[in-house]
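**Q** Please find the sequence and the predicted model below.
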Amino acid sequence: MALLTAETFSLQFNNKRCVSKPYYPRKALLCYQLTRQNGSTPTRGYLKNKKKHHAEIRFIKKIESMGLDKTQCYQVTCYLTWSPCPSCAGELVDFIQAHHHLTLRIFASRLYYHWLGHYQEGLLLLCGSQVPVEVMGLREFTDCWENFVDHEEPPSFNPSEKLEELDKNSRAIKRRLERIKIPGVHVQGCYIDILCDAEV
């Protein structure tokens, strides 16, 4: 399978509120791991936005193209650089509801337009449809680093320090998501983290 470079992982999973100079676009990437319930070797891959198709839609089409045995149960874990938009959230819910042999878990490095009500509703729709959405922490960043990154070339940074930094930055994002999940609460917040990104 194709692997991310260490530099791509460092830049795109960066969860600081604002990127520092030199500025660069934090794009949408989706790393997926599909495991059969019998414990067979996982199937892994990653996808990114392409033309008019978000990474989540490409993920749905990729899983559908695998022709999975519907008599078997599968667990899919996704690591996303940005949480799903409302449209993709609806598509993911429809997909899971139509494929009862699949269980999906979503972990996001950053929350996309988290201060807007309909984006919050998209996250709540997923959580209410048995598709847990959580913020990536040390365990998820480490799993992503170990299984989706090419380690042939030594990185220009200390991996342990980078993972610890990502975990530290994730704590405030986790608190934000937990507030969003409180019934009847609309969370307003600063939007600097999106404005600092030229493209997603």
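**A** Nice, I can see it. Only a predicted model underlies this, so the values are computations on that prediction, with no experimental measurement involved. Numbers count the residues shown, from 1 in each chain.
**Q** May I see the buried residues of the longest helix seen in the chain?
**A** When the chain is parsed with DSSP state H, its longest helix is helix 159-180. Applying a neighbour-count criterion of 16 or more other Cβ atoms under 10 Å, one finds 159, 162, 163, 165, 166, 167, 169, 170, 173, 177, 180 buried in helix 159-180. C-beta here means a position set from N, CA and C on the backbone, and glycine is covered the same way.
**Q** contacts for it?
**A** Residues outside helix 159-180 that contact it (Cβ atoms under 8 Å, 6 or more residues apart in numbering): 6, 10, 13-16, 109-111, 114, 120, 123-124, 133-138, 141-142, 145, 155, 185, 187, 189.
**Q** Strands - which of those land there?
**A** 109, 110, 133, 134, 135 (DSSP state E).
**Q** Centroid-wise, who is the farthest residue in the protein?
**A** residue 71 (27.5 Å; Cα atoms, centre = their mean).
**Q** Could you give the backbone dihedrals for the nearest residue to that one once chain neighbours are set aside?
**A** Counting by Cβ to Cβ, 6 or more residues apart in numbering, residue 101 is the residue found nearest to residue 71 once chain neighbours are left out, at 7.5 Å. Residue 101 has phi and psi values of phi -90, psi 0 when expressed as degrees, to the nearest 10.
**Q** coming back round to it: closest one to residue 87 out of the ones in strands among the contacts of helix 159-180, please.
**A** The closest of the ones in strands among the contacts of helix 159-180 to residue 87 turns out to be residue 133 (Cβ to Cβ; 15.2 Å).
**Q** Can you report how many residues neighbour the closest one?
**A** Neighbour count of residue 133, defined by other Cβ atoms under 10 Å: 25.
**Q** And for the one 4 residues further on?
**A** Residues lying near residue 137 (other Cβ under 10 Å) number 17.
**Q** For it, report the pLDDT, please.
**A** Here, the pLDDT recorded for residue 137 equals 98.
**Q** so how far is residue 48 from it?
**A** Applying Cβ to Cβ, to the nearest Å, the value for residue 137 to residue 48 is 23 Å.
**Q** now the helices for the protein?
**A** Along the chain, counting by DSSP H, helices occupy 6-12, 55-65, 86-98, 117-128, 138-148, 159-180, 192-195.
**Q** How about the contacts made by the spatially closest residue to residue 54 that is not a sequence neighbour?
**A** Once flanking residues are discounted, residue 54 sits nearest to residue 88: 5.2 Å by Cβ to Cβ, 6+ apart. Contacts for residue 88 (Cβ under 8 Å, 6+ apart) come out as 54, 56, 57, 122.
**Q** go with 10 Å
**A** Going by Cβ atoms under 10 Å, 6 or more residues apart in numbering, residue 88 touches 28, 30, 53-57, 59-60, 80, 82, 112, 122, 126.
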